[in-house]
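Novice: sharing a sequence plus its predicted fold:
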Amino acid sequence: MAKVICVMEENKPASQLLLPITDDYSISTGFLNKYFPNGLGLKFKTTHPDIYQAVVFDIEHEKFIIGEENFKLNYVYVVHRINNDTVQTTTTQTPDRFDTPPLRPRRRFINYCKMFFFAWYPSNSISYEKLR
């Protein structure tokens, strides 16, 4: 039976793949990058929440060494990448539109009613004087 490990993108459980590993419990970086391009490393969750442990990397042979102990624990390994979302374009910052208060009408409903009423009735009527 072939030895496989479960590898996925970070925060994307739908990207889980079962990838085969060699008899010495390792996986080459070239093989990993075929399925997960630009992957820099492998990590897995420890028993502490929100803490990852890195998989040992063999520089000479360019492979990640999973190890027999970690293989038996059936960890789900996560591909590590550097976040390139922080690209600066210019030095001037555009204001955030979500922190400004919403626009309010300058007139209230009663003011619109008065305007409508004054437009329909002449200024010399009795109703006009009472409304003022």
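Specialist: Perfect, thanks for sending it. Residues are numbered from 1 along each chain as shown.
Novice: residue ranges of the strands in the protein, please?
Specialist: Along the chain, the stretches classed as strands by DSSP state E are 4-9, 12-20, 26-28, 41-45, 52-54, 56-58, 63-65, 76-80.
Novice: now for K63, how many residues are close by?
Specialist: Residues near K63, counting by other Cβ atoms under 10 Å, number 21. (Glycine included, C-beta is placed from N, CA and C.)
Novice: show the pLDDT at it.
Specialist: With respect to pLDDT, K63 scores 93.
Novice: now Y75, nearest residue through space, not along the chain?
Specialist: Closest residue to Y75 apart from its sequence neighbours, by Cβ to Cβ, 6 or more residues apart in numbering: F44 at 4.0 Å.
Novice: so the one you found touches N70, yeah?
Specialist: Yes: contact status for F44 versus N70: in contact at 7.3 Å, counting by Cβ atoms under 8 Å.
Novice: what residues are shared contacts of these two?
Specialist: V55 (Cβ atoms under 8 Å, 6 or more residues apart in numbering).
Novice: buried residues, stretch 51-62. List them.
Specialist: By neighbour count on 16 or more other Cβ atoms under 10 Å, the buried set for stretch 51-62 is Y52, V55.
Novice: which outside residues touch it?
Specialist: 26, 28-30, 41-46, 63-67, 70, 77-78, 80.
Novice: can you select the buried ones from the residues you listed in ChimeraX?
Specialist: Of the contacts of stretch 51-62, the buried ones go into a single ChimeraX selection, burial set by 16+ other Cβ under 10 Å:
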select :26,29,41,42,43,44,63,64,65,66,70,77,78
